[in-house]
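**Student:** 3D model of this:
(chains A and B)
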Protein chains: 2
Amino acid sequence: MSLPVTIEQNTCCVPRITASISLEEAERSARVFKAIGDPTRVMLLSLIAGSEGREACICDLIEPIGLSQGTVSHHMRILTDAGLVAREQRGKWAYFTLNDGALEAAADALRPAALGMAS
Amino acid sequence: MSLPVTIEQNTCCVPRITASISLEEAERSARVFKAIGDPTRVMLLSLIAGSEGREACICDLIEPIGLSQGTVSHHMRILTDAGLVAREQRGKWAYFTLNDGALEAAADALRPAALGMAS
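**Tutor:** Numbering: from 1, shown residues only, chains lettered A, B, ... in the order given. This next block holds a predicted model:
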């Protein structure tokens, strides 16, 4: 004999709140924020932003950061992979410029209205 | 107050470029970005932002996130410690609201002008 099954309505129904961004959007945003979530990389972005023409050779980033070229290159690779800077090789050295659009997009994603706005 | 960071004068000369933010500022910004640098935490912020009154009980965050209460609490603690949300205990449950000021400050820190501007 089977008894009627009564499911608790309060644990089974439509969630009361839903996220307005997709998991893919959250993953994309998180990847960018993770790239900036390191003091050395914030300093590197600041150094490039403050450079003449807002462009910097990696040879000029090493000294102010005070770390080895290999370590600075590693951090720059993370920023490049996240799309926050653009890299251009000129002879021996790599030059970096800020990707203003990516920085603006990351800033916009943090606006409370954008976080809660259904798209 | 932030001073230009000038490290390692010894090699030859004054560094050609200097960061316009201090190491302390970079560390503070990085801590906030690291807290948001995780897809689950971006989703949690979005859920709270989309909630009625922009406030959410942790009991309503667990189901849409699809993780255990302990894991969701852990993520909420990281967001609270970074100052991105405010937590209020009401009886059995914790309620969270977005700290709009902290989100705006993080967004502003990403503006290319802010990154490169001596303050």
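**Student:** and the residue nearest to the spatial centre of chain A, what does it touch?
**Tutor:** Closest residue to the average C-alpha location of chain A: residue A:32 at 1.0 Å, with Cα atoms, centre = their mean. Residue A:32 makes contacts with A:82, A:83, A:84, A:102, A:105, A:106, as judged by Cβ atoms under 8 Å, 6 or more residues apart in numbering or on different chains. Where you see a C-beta, it was placed from the backbone N, CA and C, and this is true even at glycine.
**Student:** Roughly how far does it sit from residue A:74?
**Tutor:** Counting by Cβ to Cβ, to the nearest Å, the separation of residue A:32 from residue A:74 is 18 Å.
**Student:** same thing with residue A:109?
**Tutor:** From residue A:109 to residue A:74 the distance is 25 Å (Cβ to Cβ).
**Student:** Could you do residue A:45 as well?
**Tutor:** Distance check for residue A:45 against residue A:74: by Cβ to Cβ, it reads 15 Å.
**Student:** of the two, who's got more company?
**Tutor:** Comparing residue A:45 with residue A:74 by other Cβ atoms under 10 Å in any protein chain shown, the one with more neighbours is residue A:45, at 28 against 12.
**Student:** Nearest spatial neighbour of that one, chain-adjacent residues omitted?
**Tutor:** Distances taken as Cβ to Cβ, 6 or more residues apart in numbering or on different chains place residue B:115 nearest to residue A:45, at 5.3 Å, with adjacent residues excluded.
**Student:** pretty sure that neighbour belongs to a strand, no?
**Tutor:** No: counting by DSSP: H, G, I helix; E, B strand; the rest coil, residue B:115 is not found in a strand; it is helix.
**Student:** Distance of residue A:27 relative to residue B:37?
**Tutor:** For residue A:27, the distance to residue B:37 (Cβ to Cβ) stands at 11 Å.
**Student:** and those two? which has more neighbours close in?
**Tutor:** Per other Cβ under 10 Å, whichever of residue A:27 and residue B:37 has more neighbours is residue B:37, with 20 against 15.
**Student:** Provide a complete list of residue ranges assigned to helices in chain A.
**Tutor:** Taking DSSP state H to define them, one finds helices in chain A at A:23-36, A:39-49, A:58-65, A:69-81, A:100-109, A:112-116.
**Student:** deepest of these, which one?
**Tutor:** For the helices of chain A, the largest average neighbour count (mean count of other Cβ atoms under 10 Å in any protein chain shown) is found in helix A:39-49, namely a mean of 25.
**Student:** Residue A:31 and residue A:82 touch, don't they?
**Tutor:** Yes: with contacts counted by Cβ atoms under 8 Å, residue A:31 reaches residue A:82, the gap being 6.0 Å.
**Student:** how distant is the lowest-mean-pLDDT helix or strand in chain A from the center of its chain?
**Tutor:** Lowest by mean pLDDT, DSSP states H and E among the helices and strands of chain A is helix A:112-116, with a mean of 77. Averaging C-alpha positions (Cα atoms, centre = their mean, to the nearest Å) puts helix A:112-116 17 Å from its chain's average.
**Student:** got the contact list for that helix?
**Tutor:** Residues outside helix A:112-116 that contact it (Cβ under 8 Å, 6+ apart): A:20-21, A:108-109, B:45-46, B:48-51, B:54, B:98, B:100, B:103-104.
**Student:** Show me which of these is closest to residue A:69.
**Tutor:** Closest approach between those and residue A:69, by Cβ to Cβ: residue A:109, at 32.4 Å.
**Student:** Ignoring the adjacent residues along the chain, who's closest to the closest one?
**Tutor:** Closest to residue A:109 by Cβ to Cβ, 6+ apart is residue A:29, at 4.9 Å.
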